[in-house]
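J.: Sharing a model that was predicted from the sequence below.
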Amino acid sequence: MKALQFEARPARYAAAAAAGRLTPGAGAKVGPLRLRDLDPPELPGPDWVVIRPRLAGICGSDLSTIDGHASRYFEPIVSFPFVPGHEVVADRTGSDGSDRVVVEPVLGCVTRGIDPPCAACGRGDLGNCEHIAFGALAPGLQSGFCHDTGGGWSTLMVAHPSQLHPVPASMSDEAAVMVEPTACAVHAALTAGIREGDSVVVLGTGTLGLLVTAALRHFTPAGSILAVAKHPTQRELARALGADLLAEPDEVLRAVRRLTGTMALGDGRITRLTGGADHVIDCVGSAASLADALAAVRPKGRVTLVGMPGHVHVDLTGLWQREIVLAGAYAYGTEELPSGERRRTFDLAFELVRAADLGRLVSATYPLARYQDAIAHAASAGRRGAVKIAFDLRNEKERTRL
Amino acid sequence: MTRPGFVLEVDRNTPPILFHHGEGFRLEKLPPGRTRVIYPAEPLEPIEHPDAAIRHALLNPLGDSPPLPALLRPGMKLTIAFDDVSLPLPPMRRPDIRQRIIEQVLDMAAAAGVDDVALIAALALHRRMTEAELRHAVGDRVYDAFAPHGLLTNHDAEDPDNLAYLGTTDKGEEVEINKRAAESDLLVYVNINIVSMDGGWKSTATGLASYRSLRHHHNVRTLRHSRSFMDQHRSELHSSNWRMGKVLRDAGVKIFQIETTINNDVFGTEGPMSVLQKREWEWNARDRFTFLAMQKSLERLPARTRRQIFHSWKAPHAMTSVQAGEVEAVHQVTTENVYRQHLVAVEGQTDILTMGLPYICPYNVNSIMNPILVMCLGLGYFFNLYRGRPLVREGGVLIMSHPTPWEFHPVHHPSYIDFFEQVLAETTDPVEIESRYEKQYAEDEWYRHLYRTSYAYHGVHPFYMWYWGSHALAHLGQVIVVGGDPRAVHRLGFRPASTMQDALEMASDVVGRDATITHVHNPPILMADVS
């Protein structure tokens, strides 16, 4: 089978880190990611099935890994070599598109054959599984980071039936490939504890930020949503998906001050706000965005970190003095809606993808052979007026050979 | 005898014409055969003995006012209000006219035994004047005698304890002014008229007013119905101020108005800047060398240094008239004296109006000319410097030259930054801007705090700057900025052009290829009397 494979090769990883610092996405050329002919993965258990990816998205965490920026935190919870790709719409049987599924990639207790499951999996909070390095599978927090399962950047991978969500016939592949990132956004929006009329700042309007904006507007009683957008396309989409206000990255504090009517310290320059937004959802995950988040949120407000941060250097004095809650939001599982109803995150994501027409966020697709172009496009998506870049496996020859 | 202003028809022999361009200049060769250049009059001869003239005016008032000494008595409460840092432009060399007048008023008050005297900078919603600026305006002697005792203050339009509500006009306009001024036995107003818009009832009804009062005439409707606001007889802005003046008079506010006019001697007759005041074909070899050397030197300097150099310039303005007494009688004479310096007869309108915008306008003294002020100077002030009809025809094109940097003085213009980032990102329509955003900015506590305690223009001030240009926005078919930061120019809703040639080419899309062009050679200021 044809697959992009990521190997544990420290020298190449260092080269990718150097190249990625200069040009985002350049790690694909010099790093440990290679297009290869591989043997298909073996089925890890009797229930497991073979699936054939149709579209597989390129996520910010993938880019971070390829450009050598990912934290070493992940080392014990991934297994090398692995095939990336966790945003996947695939064919369960055959390759005619009649039995399409979206993969819920988290590898929790059920997929690992662990019974009884851990407390988190028992609650349906798969993203918090305590056994992601144990059981019948090699370590891996998700398909796409686990040696045993393969990933979506290939013509074939394996999946546990509990990971598969049928795609309605009326839903396009482009819409379906947006379900997994949308689930992340829905989880972030719903775990933030937003109450009626709360002001919310969304930092970053790449794919995740746009989806979070849509999720906030669709599932929460948020009041004003201020989206921080750098590029014109992002601004238009953020507005269309529910942002009431828009600001450029260097305008964040002024925009929040205007929104909340708070006072500011600094003689017209704004060194700090005295109040701020009720919530900030950081969809970037950089030191700068985290600093902005801590500066923009009100005392006792909440910062939800959705973008993957890695090592950041940030002054937490404000967090202490203003009693700010800093929380992460990773993956998905089961959500509690403001009405009290509990639903699977993926079910909510399907609903949102359809309601907000999120398939339109897929801006370009590439064959595997052009993976360097695809990665480069994804790494500069905002600047190039794009949002989600995906691999299109539907026309890969190897897809029907096995 | 000074030479009057005139209109030059550009032909093949006409040398390149000077355009001011922020803290720099451009020389532009304008198309012959269809271009004319309007030159201001040379500076009028100043009054030879200004102090004597001031004394004469105070003792021989106009209208039904008694001489100033007759209005002064022991035990009375006397307030002297004076124009703020926005006048004159550029700031004048010491001694400032305000100092000359205030010293004489104080001498007369002292002679009459008046001991309750306060001085107020009538800045309306402008920023507070710094100590240095106050010292420059009133002189060190006056400053040291009054400021340490809290008797020389900046007007505070947001101080509810120090505002007096005096009633409404017959059009329902609320009149609220500085309490000390309203409750004094006599209010002496010391004015400097630089353009015909200044002075009259506008001095008190605007300079000492609150936002509650100002909003009745500083709005889109009023300014769109002022054709122009430089022509007080066709200015709704002035009609409103005159109605408010009646309320002041009826409420018993006793005003002794002192108005002055100055000549347009901006750059002097000596030193490198003097070349800017000469007509181009009269430049000699030394002038050309001086100009080129100055231009090249400026180009090499950092923007900040260039700004410091220009803002340190003090103009040799000299007083051309002084009159005192009853407000309207005084202002009538003042206006005639302003026109004497500024009016230039111009026959007919033009398709394209060009202008070079200098480094300064009333709202960036010792500060930064941000993009909103560029708009205000071009479309608000210079466009409106006409009597009769606008210089450019309806649907015509305005081409102005200015670097228009995306840069703001954070201390002076904090709400401008927000206006530019938030409001203009959404719309440039003055009516929509007024209805959607004005209240939020006007009542913002942070802006209010900065206006009252720091040196910030009031939160609503950028709105007024935009309204100032609303007549031009409605009138013009297109606005092009030569040499401006394209991002900032686009945010203003205008079109950027790299060169004057490009701008004229772009303008031809709107007004045709053989369009007539008129260049206003400004500053020094002129006012077109368009037939």
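T.: Happy to help now that I have it. Residues are numbered from 1 along each chain as shown, chains lettered A, B, ... in the order given.

J.: gap between the helix or strand hosting A:T213 and the chain center?
T.: Assigning secondary structure by DSSP states H and E places A:T213 in helix A:207-219. Chain-centre distance of helix A:207-219: 12 Å, with Cα atoms, centre = their mean, to the nearest Å.

J.: Now do the closest residue to A:H313 other than its chain neighbours: how many residues are near it, please.
T.: Among residues not flanking A:H313 along the chain, A:A287 sits closest, at 5.4 Å (Cβ to Cβ, 6 or more residues apart in numbering or on different chains). Heads up, the C-betas are built off the backbone N, CA and C, glycines and all. A:A287 has 15 neighbouring residues, counting by other Cβ atoms under 10 Å in any protein chain shown.

J.: tell me the contacts of A:D47?
T.: By Cβ atoms under 8 Å, 6 or more residues apart in numbering or on different chains, the contact list for A:D47 reads A:160-161.

J.: Roughly how far does the residue of the stretch 201-350 of chain B found nearest chain A sit from B:F408?
T.: Closest to chain A within the stretch 201-350 of chain B is B:R304: 16.1 Å, counting by Cβ to the nearest Cβ. Distance, B:R304 to B:F408, using Cβ to Cβ, to the nearest Å: 14 Å.

J.: How about A:L393?
T.: When A:L393 is compared with B:F408 (using Cβ to Cβ), they lie 51 Å apart.

J.: higher neighbour count, these two?
T.: Per other Cβ under 10 Å, whichever of A:L393 and B:F408 has more neighbours is A:L393, with 29 against 25.

J.: Any idea how many residues pack against the residue nearest to the more buried one when sequence neighbours are not counted?
T.: Among residues not flanking A:L393 along the chain, A:P53 sits closest, at 4.7 Å (Cβ to Cβ, 6+ apart). Per other Cβ under 10 Å, the neighbour tally for A:P53 reads 31.

J.: got the phi/psi numbers for A:P53?
T.: phi -60, psi 140 (degrees, to the nearest 10).

J.: what pairs with it across the strands?
T.: A:A90 (DSSP bridges).

J.: Quick one: residues contacting it.
T.: A:85, A:88-90, A:152-157, A:391, A:393.

J.: Buried among those residues? Need that as a selection in ChimeraX.
T.: Buried subset of those, written as a ChimeraX selection, criterion 16 or more other Cβ atoms under 10 Å in any protein chain shown:
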select /A:85,88,89,90,152,153,154,155,156,157,391,393
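
J.: want to try TSV for the contacts of A:P53, with distance to B:E259, secondary structure and pLDDT as columns?
T.: Shown next, in TSV, are these (distance: Cβ to Cβ, whole Å; DSSP: H, G, I helix; E, B strand; the rest coil; pLDDT from 0 to 100):
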residue	distance to B:E259	secondary structure	pLDDT
A:G85	79	coil	98
A:V88	80	strand	98
A:V89	79	strand	98
A:A90	84	strand	97
A:G152	80	coil	98
A:W153	80	coil	98
A:S154	85	strand	97
A:T155	87	coil	96
A:L156	90	coil	95
A:M157	86	strand	97
A:F391	77	strand	98
A:L393	82	coil	97
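
J.: Near the closest residue to chain B within the stretch 201-350 of chain A, how many other residues are there?
T.: Proximity of the stretch 201-350 of chain A to chain B (Cβ to the nearest Cβ) peaks at A:G268, 3.8 Å away. Neighbourhood size, A:G268 [other Cβ under 10 Å]: 22.

J.: do B:W466 as well
T.: Residues near B:W466, counting by other Cβ under 10 Å: 27.

J.: Is any residue of the strand or helix carrying it near chain A?
T.: Element membership of B:W466 [criterion: DSSP H and E] is helix B:461-468. No. Judged by Cβ under 8 Å from any Cβ of the partner chain, helix B:461-468 stays clear of chain A, getting no closer than 12.9 Å.

J.: and that helix, what other elements does it pack with?
T.: On a contact count with 3 or more Cβ pairs under 8 Å, 6 or more residues apart in numbering or on different chains; DSSP states H and E, helix B:461-468 meets helix B:220-224, helix B:371-375, helix B:414-418, helix B:430-442.

J.: Measure how that helix sits relative to helix B:430-442, angle-wise.
T.: 160 degrees (axes from the mean of the first three to the mean of the last three Cα atoms, to 10 degrees).

J.: right, and the helix or strand after helix B:461-468?
T.: Taking DSSP H and E, what comes next after helix B:461-468 is helix B:470-475.

J.: Just checking: what are the partner strands of the following helix or strand past that next one?
T.: Remark: after helix B:470-475, the chain's next helix or strand is strand B:478-482, criterion DSSP H and E. Partners of strand B:478-482 in the sheet, by DSSP bridges, are strand B:392-401 (parallel), strand B:495-497 (parallel).

J.: any chance of the ones you listed in a markdown table, with mean pLDDT too?
T.: Shown next, in a markdown table, are the strands paired with strand B:478-482 (pLDDT from 0 to 100):
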| stretch | mean pLDDT |
| --- | --- |
| strand B:392-401 | 98 |
| strand B:495-497 | 98 |
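
J.: any idea which of these is most buried?
T.: strand B:392-401 (a mean of 23; mean count of other Cβ atoms under 10 Å in any protein chain shown).

J.: Could I get the contacting residues of A:S71?
T.: Contacts of A:S71 (Cβ under 8 Å, 6+ apart): A:310-311.

J.: Chain B versus that one, what's the distance?
T.: Going from A:S71 to chain B by Cβ to the nearest Cβ, to the nearest Å gives 35 Å.

J.: same deal with A:M1?
T.: Counting by Cβ to the nearest Cβ, the gap from A:M1 to chain B is 49 Å.

J.: Help me confirm that that residue comes into contact with A:S154.
T.: Yes. Taking contacts as Cβ atoms under 8 Å, A:M1 lies within contact range of A:S154: 5.9 Å.

J.: what residues are shared contacts of the two?
T.: In contact with both A:M1 and A:S154: A:L38, using Cβ under 8 Å, 6+ apart.

J.: Mind listing the residues bridging to the closest residue to B:A507 other than its chain neighbours?
T.: Excluding the flanking residues, the one nearest B:A507 by Cβ to Cβ, 6+ apart is B:V397, at 4.1 Å. Note on B:V397: beta-bridge partners by DSSP bridges are B:I352, B:Q478.

J.: wouldn't B:V397 be in contact with B:V511 here?
T.: Yes. Using Cβ under 8 Å, B:V397 is in contact with B:V511, at 5.6 Å.
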